[in-house]
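Trainee: Pasting a predicted model and its sequence here:
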Amino acid sequence: MDKQATILVTGINGQVGYELLRSLQGLGRVVGCDRAALDLDNPDAIRRVVREVKPTIIVNPAAYTAVDKAESDVEGATRLNVQAPAVLAEEAKQLGAALVHYSTDYVFDGTKDSPYVETDAVNPQNVYGRTKLEGEQAIAASGCDHLILRTSWVYGIRGKNFLLTMLRLGAQRDELAVVADQIGSPTWSNTIAAVTANVLAQLTAAPDGAEWWSRHSGIYHLTAGGSTSWHGFAEAIFAASELPKKPTVKPIPASAYPTPAKRPGNSRLSNDKLAQAFGVRPPEWHDALRLCMAAR
């Protein structure tokens with residue numbers, strides 16, 4: 001692989017895109033695009049930018065992530081989660097470039113008793129999960145070299161996420177009711193970016209990129225280690241926070257907090273394939289949370 005790879009990163013104002021722009025430094029020329037520079041709602045704009053930049057690697061963290069809104073905005077979710085990655089994959093194939101794309105635990109129905117592995121049957125229960133799955137399938141169908149990294153419960157120090165919502169509400173209220181019967185692995189956006197950079201460093205150091213991709217192209221799960229409930233995550237957030245008065249966190253069932261989109265009860269993903277292929281294993285969720293809180 002050319003040591004001077006050109007890496008095109010989408011969605012650089014998002015949680016993961018912001019971190020990727022920093023973590024990928026040193027692997028080549030990094031070209032970051034926000035929505036003004038690359039409108040992923042517009043296939044022609046996608047093709048134009050990719051053909052101008054001529055990347056060797058496209059990293060696409062951009063997505064339609066408003067899970068509940070997607071239930072009533074199927075077209076918007078489809079444009080960003082299906083059509084945009086499909087066009088990126090087609091352009092990557094034509095250029096001989098590779099595509100790194102991020103997906104979600106929501107491709108599963110959440111009924112399994114143990115962490116999901118990459119070969120488990122998919123069965124999305126909401127529009128967001130369905131469109132993310134269709135995006136995965138479009139990438140695979142393109143025939144381009146690709147890594148699809150499924151993650152879950154992403155949070156960070158910017159954007160909209162559970163961590164920032166809890167800190168905001170915790171400063172305003174004495175008691176919060178948080179769902180306790182949905183289990184997953186809270187995953188810091190910085191962890192996702194750091195692992196991605198580690199994997200791509202292995203690619204850029206490989207003497208034969210084509211052979212590397214023949215061994216590695218496919219789907220991998222990438223979440224923090226361990227698991228907890230939303231309630232457990234909230235308690236850990238407040239324990240690590242510097243709020244002068246910390247709220248009481250009351251556990252409730254998901255049935256007591258109905259949402260337009262159905263959420264899986266089990267969002268745990270196994271990182272074993274990732275560790276075996278690349279020798280990396282993300283940190284435990286509570287260790288990453290402490291680092292994230294210290295970075296605020």
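Mentor: Great, that's in hand. Numbers count the residues shown, from 1 in each chain.
Trainee: Pull out the buried residues from stretch 14-25.
Mentor: Of all the residues in stretch 14-25, those buried under the rule 16 or more other CB atoms under 10 Å are 14-21, 23-24. For glycine as for every other residue, the C-beta is placed from the backbone atoms N, C-alpha and C.
Trainee: Kindly export it (C-alpha atoms) in CSV.
Mentor: Once side chains and other backbone atoms are set aside, the C-alpha atoms of stretch 14-25 remain, and they are given as CSV (Å, rounded to 0.1, in the frame of the first residue of the first chain):
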residue,chain,number,x,y,z
GLY,A,14,-20.2,14.3,13.9
GLN,A,15,-19.1,12.4,17.1
VAL,A,16,-17.0,9.8,15.3
GLY,A,17,-15.9,11.9,12.3
TYR,A,18,-14.5,14.6,14.6
GLU,A,19,-12.3,12.0,16.3
LEU,A,20,-11.3,10.3,13.1
LEU,A,21,-10.0,13.5,11.6
ARG,A,22,-7.5,13.6,14.5
SER,A,23,-6.7,9.9,14.9
LEU,A,24,-6.0,9.3,11.2
GLN,A,25,-3.2,11.9,11.1
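Trainee: That stretch: how far from the chain's middle?
Mentor: With CA atoms, centre = their mean, to the nearest Å as the basis, the distance from the averaged C-alpha position of stretch 14-25 to the chain average is 12 Å.
Trainee: Which residues outside it are in contact with it?
Mentor: Applying CB atoms under 8 Å, 6 or more residues apart in numbering, the set of residues contacting stretch 14-25 from outside is 7, 9-12, 30, 32, 59, 61-62, 102, 154-156, 158-159, 161, 189-190, 192-194, 196-197, 200.
Trainee: Distance of the nearest residue to residue 28 once chain neighbours are set aside relative to residue 65?
Mentor: When the adjacent residues along the chain are set aside, residue 28 lies closest to residue 5, with 3.4 Å between them (CB to CB, 6 or more residues apart in numbering). When distances are taken as CB to CB, to the nearest Å, residue 5 and residue 65 turn out to be 27 Å apart.
Trainee: Might one say that residue 277 is in contact with residue 216?
Mentor: Yes - the pair residue 277 and residue 216 passes the contact test of CB atoms under 8 Å, sitting 6.0 Å apart.
Trainee: neighbour-wise, which of these two wins?
Mentor: The residue with the greater number of neighbours, taking residue 277 and residue 216 and applying other CB atoms under 10 Å, is residue 216; the counts read 18 against 15.
Trainee: ok so, going back, any chance of a PyMOL selection covering the buried ones in the contacts of stretch 14-25?
Mentor: One line in PyMOL is enough to select the buried members of the contacts of stretch 14-25, burial here meaning 16+ other CB under 10 Å:
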select buried, resi 7+9+10+11+12+30+32+59+61+62+102+154+155+156+159+161+189+190+192+193+194+196+197+200
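Trainee: Restricted to strands, list the contacts of stretch 14-25.
Mentor: Secondary structure defined by DSSP state E assigns 7, 9, 30, 32, 59, 102, 154-155 of these to strands.
Trainee: which residues sit in contact with residue 128?
Mentor: Counting by CB under 8 Å, 6+ apart, residue 128 makes contact with 64-67, 70, 77, 81, 104, 106, 261.
Trainee: for residue 84, same thing?
Mentor: Remark: with contacts taken as CB under 8 Å, 6+ apart, residue 84 is in contact with 40-41, 43, 46, 60, 62, 135.
Trainee: are any of these buried, and which?
Mentor: Judged by neighbour count, with 16+ other CB under 10 Å as the criterion, the buried members of these are 40, 43, 46, 60, 62, 135.
Trainee: Would you format those residues as a markdown table with distance to residue 126 and pLDDT included?
Mentor: Shown next, in a markdown table, are these (distance: CB to CB, whole Å; pLDDT from 0 to 100):
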| residue | distance to residue 126 | pLDDT |
| --- | --- | --- |
| 40 | 21 | 96 |
| 43 | 25 | 97 |
| 46 | 25 | 98 |
| 60 | 21 | 98 |
| 62 | 19 | 96 |
| 135 | 14 | 98 |
